[in-house]
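>>> pasting the structure only:
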């Protein structure tokens, strides 16, 4: 069964550093997303990406964050100048043309900012 | 502001019984509704989606949608210990919308 692949599974970084989280969506999916889940809290939408540009972003997705699809297969989330409160699980997801069929999530990257 | 509300539980159900999970949403423009299962430390796993009023059945799972009452539910028949997890209700408004999730209901199936 096709899956969304995320690397690394766990990233530890020092406060103020930049991190890049990587994702390989399902190959025939057209919509890509990033979500985060702070420990013990709900899954929160960050950004959606379609046709090589951001389609929608939440209030959380401020200038500290950026996304890119550099080579037609990878989808990355860059977090600049990380803060302690950025510590969370970050999930990449993708969906086909008919988004009503559901969104497939990757296994996540646990980001720990120290 | 789109909101999805769920009782956080825990909801404890004996093995073999029916587990009933409920969810309400605030955005009348919501078009699609999803139930995800999430085991501790893992990513959400899609169980079912529904976008028409009424019931939708898939194996032991039945999703129910009532748009007039802005209410979605998930029934799990013949509950198994492996069904013990957090169940996330989510809605999408269409377009390039991401999903808005509830906080989830922690379900415990007692052997």
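On my side now, so go ahead. These numbers come from a predicted model, not from an experiment.
>>> so which strand or helix has the spatially most central residue of chain A?
Central residue of chain A (Cα atoms, centre = their mean): residue A:34, 3.1 Å from the mean position. Per DSSP states H and E: residue A:34 is located in strand A:31-37.
>>> any idea of the mean pLDDT for that strand?
Strand A:31-37 carries an average pLDDT of 95.
>>> is it true that residue A:61 touches residue A:48?
No - here residue A:61 does not reach residue A:48: they are 9.8 Å apart, not a contact under Cβ atoms under 8 Å. In short, each C-beta sits where N, CA and C put it, glycine included.
>>> The two: which has the busier surroundings?
For the pair residue A:61 and residue A:48, the greater number of neighbours falls to residue A:48 (26 against 20), based on other Cβ atoms under 10 Å in any protein chain shown.
>>> What residues are bridge-paired with that one?
Counting by DSSP bridges, residue A:48 is bridged to residue A:33, residue A:56.
>>> Where does pLDDT dip in the chain?
I'll assume chain A. Along chain A, segments meeting pLDDT under 70 span A:99-100.
>>> you looked at the wrong chain, it should be chain B
Across chain B, the ranges flagged by pLDDT under 70 are B:94-96.
>>> Show me what counts as buried in stretch A:41-52.
For stretch A:41-52, the neighbour count (16 or more other Cβ atoms under 10 Å in any protein chain shown) marks A:42-50 as buried.
>>> Would you convert those into JSON lines that also reports distance to residue A:96?
Converted to JSON lines, the buried residues of stretch A:41-52 look like this (distance: Cβ to Cβ, whole Å):
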{"residue": "A:42", "distance to residue A:96": "25"}
{"residue": "A:43", "distance to residue A:96": "20"}
{"residue": "A:44", "distance to residue A:96": "23"}
{"residue": "A:45", "distance to residue A:96": "18"}
{"residue": "A:46", "distance to residue A:96": "20"}
{"residue": "A:47", "distance to residue A:96": "18"}
{"residue": "A:48", "distance to residue A:96": "14"}
{"residue": "A:49", "distance to residue A:96": "14"}
{"residue": "A:50", "distance to residue A:96": "12"}
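>>> And those, which is closest to residue A:56?
For the buried residues of stretch A:41-52, the closest approach to residue A:56 (Cβ to Cβ) belongs to residue A:48, at 4.7 Å.
>>> My guess is the closest one contacts residue A:31. True?
Yes - if you go by Cβ under 8 Å, residue A:48 and residue A:31 touch, sitting 6.3 Å apart.
>>> hang on, the earlier thing: now the residue nearest to the centre of chain A: closest residue in space, sequence neighbours ignored.
Using Cβ to Cβ, 6 or more residues apart in numbering or on different chains and skipping residues adjacent in sequence, the residue nearest residue A:34 is residue A:46, 4.3 Å away.
>>> wait, the one you found sits on residue A:56?
No - using Cβ under 8 Å, residue A:46 makes no contact with residue A:56, being 9.8 Å away.
>>> Need the residues touching each of the two.
Listed as contacting both residue A:46 and residue A:56 by Cβ atoms under 8 Å, 6 or more residues apart in numbering or on different chains are residue B:98.
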